[in-house]
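1. pasting the sequence and the predicted coordinates here, then a few questions.
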Amino acid sequence: MILVFVHGWSVTHTDTYGGLPEAVAAQGGDLGIDVRHLWLGRYISFDDAVTMDDVVIGFDRALRDALAPQGGALPEFSCITHSTGGPVAREWVRRYFGPAGLAGIPLRHLVMLAPANHGSPLAVLGKERVGRIQAWFSGVEPGERILEWLALGSLGQAALSRAWLAYDGPAQGFFPFVLTGQTIDRAFYDFLNSYLVEVGSDGVVRVTCANLNATMLTLRETDARVVNPHFSPAEAALLAPDDGAKRPRPVPLGVLPDTSHSGEKIGIMRSVRPNDTDAKPVVAEILNCLRVRSRSEYDDCAERLAQLTLSVQAADERSNRHRYANLVVSVTDERGDAVEDFDMYLLAGPTFDPAALPKGFFVDRQKNPDSKNTLVYYLDYDVMAQVPQEMFGIRVQARPSEGFAHYAAVEFRAAESDLAQILRANETVYLEVVLRRHVDTGIFRLDPGDAPRHSFKKAKPSGTDA
C-alpha cells in the first residue's frame with residue numbers, strides 16, 4: 001500500500017509528521033505498508049500569494065512526479081492528512097475527479113486528522129496575530145490567501161461542502177474518514193485568546209469544523225406573513241425551505257481521547273513516536289480505516305467510531321460533557337447579491353421569543369472578514385436541545401428596511417420535529433437566507449406627453465411593490 005502524508009498550513013519542516021509514518025509502517029505489515037511505500041508531502045503555504053487552488057495543482061503534479069514518473073495513470077494510493085491537508089486533498093478530488101469521475105479515482109482511503117474542513121476560529125485573527133501563535137506557525141508569515149479559505153464561513157468551504165453532497169465514495173471504492181480530538185495541551189499554547197482553549201475543540205479546530213457530516217438548507221422569502229410582538233416591525237415575511245435539508249453520505253467521525261491539534265506531548269500527529277504507540281490510539285484507528293475494503297466494512301467502522309466519540313465526549317469534563325454545533329448563516333437576495341447590513345436573531349419557544357433561548361446556549365459568533373454577509377454561530381448543542389417545545393427559528397432584519405428599494409424583515413419557524421434535523425451534535429449547518437429586494441412602483445413612472453412638466457425631487461414610495 002502506497003501512503004502519502006500531507007501536512008497542515010504554514011509548516012516549514014517535515015518533522016511535523018513526528019514518528020507517525022514509521023509507526024503506521026511498523027504496525028501495518030498486514031496491509032503491505034513499508035517505509036519505502038511512504039511519501040511525505042511538503043508544500044508552500046506561508047507565501048501570501050499562494051492560494052488553495054495553487055497548492056492543489058502542485059499536489060497533483062507532485063503525485064504524478066513521485067508515483068508515476070514514467071507517465072500514465074496514477075497507481076492506487078491512500079492519503080493521511082493533518083489540519084489544512086484535509087481540505088487540500090478534498091479539493092484535489094473535486095478538481096481532478098468530481099462525483100462523476102470517482103469510478104476512476106486512484107485514492108482508496110483518505111484519513112483526515114483534525115481537518116479544518118469548515119475552517120478554524122483562529123483564522124479570523126488576521127495574519128499578524130496568528131503569526132505569533134505557536135500552535136500554527138514557526139517563525140514565518142502565514143499565507144494570507146489560504147488564511148482567507150480557512151476563516152469560518154468562507155466561500156471556499158461552502159463551495160467544497162456543496163460539491164461533497166453529490167459524492168458516494170464507498171460505491172466507487174473511495175473511503176474518507178475523520179479522526180480528531182478535543183483536548184487542550186495547556187503547556188503548548190501561549191494563551192493569546194480564548195479560542196486556544198475553546199470547548200469542543202483541539203485548540204485549533206472544532207470537532208464541528210473537522211466533521212464532514214454537514215447540513216445545507218436554503219430558506220427563501222415567501223408571500224406568507226407572520227406577526228412577532230417581540231420585534232419592531234412586528235410583521236415579517238415567512239421563510240420557507242427550498243427542497244428541504246441536504247446532507248452528504250455519512251463520513252465516519254472519531255473523536256480520540258487525550259488528543260490535541262499539535263505538539264509533541266498529545267498532538268494527534270507530532271506526538272506519535274515510532275516505537276511508542278501503545279498509548280496513541282490514533283495509530284490503531286488509522287490502520288482500522290486503511291483496512292476497510294467495502295461499504296459494509298465502512299459502515300461498521302462508522303458505527304464503531306461513533307461509539308468511541310460518544311464515550312470520549314461523555315467523559316470530557318472540560319466541556320461539561322456537552323457537544324456543540326456550528327450554524328453558518330449567509331444572507332443574499334434573489335438576484336444573488338450579498339446582503340451585508342443586517343441583524344440576525346435566534347428565536348425559541350411557541351412565541352418565537354429570543355428571550356426564550358435556554359441560558360448558556362451561545363458560545364461564540366464570528367462574521368467572515370471577506371464574505372461580510374456570512375455569520376457563524378457556535379452553539380452548545382446539548383443546551384439547545386432544551387429549547388421550549390423544540391421550537392426554534394431565526395429572524396433577519398436587513399437594511400435598507402424602507403424606501404424605493406428595501407428588504408422586509410423575515411422569519412424562519414422550524415416545526416417541533418425540525419430542530420433535530422437541522423441542528424445536530426458535532427456538526428455544521430449551512431443556512432442560506434434568500435431575501436426579496438422589494439422595488440417600489442414609485443421608482444419609475446411614465447407621464448403623458450401632454451401633462452404639465454413637474455419636479456419629482458420629493459417623490460415618496462407608494463408602498464406597493466413593482
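-> Ah, there it is.
2. in the helix ranked longest in the chain, what counts as buried?
-> Scanning the chain for the longest helix, with DSSP state H as the assignment, gives helix 295-314. Using 16 or more other C-beta atoms under 10 Å as the test for burial, helix 295-314 gives 298, 301-302, 305-306, 308-309, 312-313. For every residue, glycine as well, the C-beta is placed using N, CA and C.
3. now swap in stretch 432-447 and tell me
-> Buried-residue list, stretch 432-447, by 16+ other C-beta under 10 Å: 432-438, 440, 442.
4. averaged pLDDT, the longest helix of the chain. What do you get?
-> Across helix 295-314, the average pLDDT comes to 97.
5. residues making contact with the helix or strand that residue 160 is a member of?
-> In this structure, residue 160 is located in helix 155-164 according to DSSP states H and E. By C-beta atoms under 8 Å, 6 or more residues apart in numbering, the residues outside helix 155-164 that reach it are 52, 87, 90-91, 94, 98-99, 117-119, 148-149, 212, 214, 216, 248, 328, 330, 370-371, 428, 430.
6. from those residues, keep the buried residues only.
-> Using 16+ other C-beta under 10 Å, the buried ones in these are 52, 87, 90-91, 94, 117-119, 148-149, 212, 214, 216, 248, 328, 330, 371, 428, 430.
7. pull out the buried residues from the lengthiest strand in the chain.
-> For the chain, the strand that runs over the most residues, judged by DSSP state E, is strand 214-227. Under the neighbour-count criterion of 16+ other C-beta under 10 Å, strand 214-227 has 214-221, 226 buried.
8. next one: stretch 56-64
-> Those would be 56, 58-59, 62-63, for stretch 56-64 by 16+ other C-beta under 10 Å.
9. what of stretch 153-165?
-> Those would be 153-154, 156-158, 160-161, 163-164, for stretch 153-165 by 16+ other C-beta under 10 Å.
10. skip the chain neighbours and tell me the closest residue to residue 96.
-> Spatially, and ignoring its direct neighbours in sequence, residue 96 is nearest to residue 60 (6.0 Å; C-beta to C-beta, 6 or more residues apart in numbering).
11. enumerate every residue touching the one you found.
-> So residue 60 contacts 92, 95-96 (C-beta under 8 Å, 6+ apart).
12. any of the residues you listed buried? List them.
-> 92, 96.
13. which of the contacts of residue 60 sits closest to residue 446?
-> residue 95 (51.3 Å; C-beta to C-beta).
14. which SS state does the most centrally placed residue in the chain fall under?
-> The centre of the chain sits closest to residue 118, judged by C-alpha atoms, centre = their mean, with a distance of 1.7 Å. Secondary structure assignment for residue 118 (DSSP: H, G, I helix; E, B strand; the rest coil): coil.
15. now do residue 220 against residue 418, distance only.
-> 16 Å (C-beta to C-beta, to the nearest Å).
16. residue 236 too?
-> Taking C-beta to C-beta, one finds residue 236 at 18 Å from residue 418.
17. neighbour count: the two, which is higher?
-> Between residue 236 and residue 418, counted using other C-beta atoms under 10 Å, the more crowded position is residue 236 (23 against 19).
18. contacts for the helix or strand encompassing that one, please.
-> Following DSSP H and E, one finds residue 236 within strand 235-241. For strand 235-241, contacts defined as C-beta under 8 Å, 6+ apart pick out 217-228, 394-395, 408-413, 433, 436.
19. if we go to 7 Å?
-> Strand 235-241 has contacts (C-beta atoms under 7 Å, 6 or more residues apart in numbering) with 217-222, 224-228, 395, 408-412, 433.
20. one more: stretch 143-153?
-> Contacts of stretch 143-153 (C-beta under 7 Å, 6+ apart): 9-10, 45-52, 84, 116, 119-121, 123-124, 127, 154, 156, 328, 366, 368-371, 374, 376.
21. and the next helix or strand past the least confident helix or strand in the chain by mean pLDDT?
-> Least confident element among the helices and strands of the chain, by mean pLDDT, DSSP states H and E: helix 127-130 (a mean of 53). Next along the chain after helix 127-130, taking DSSP H and E as the criterion, comes helix 144-150.
22. how about that next one: buried residues?
-> 145-150.
23. then stretch 269-280?
-> Those would be 269-272, 274, 277, 280, for stretch 269-280 by 16+ other C-beta under 10 Å.
24. closest to residue 337 out of those residues?
-> Out of those, the member with the shortest distance to residue 337 (by C-beta to C-beta) is residue 269, at 42.2 Å.
25. which SS class is the closest one?
-> Relying on three-state DSSP, one would call residue 269 coil.
26. sorry, back to before: secondary structure element for the spatially closest residue to the residue nearest to the centre of the chain that is not a sequence neighbour?
-> Nearest-residue entry for residue 118: residue 209, 4.1 Å, with adjacent residues in sequence omitted and distances by C-beta to C-beta, 6+ apart. Assigned by DSSP H and E, residue 209 belongs to helix 207-210.
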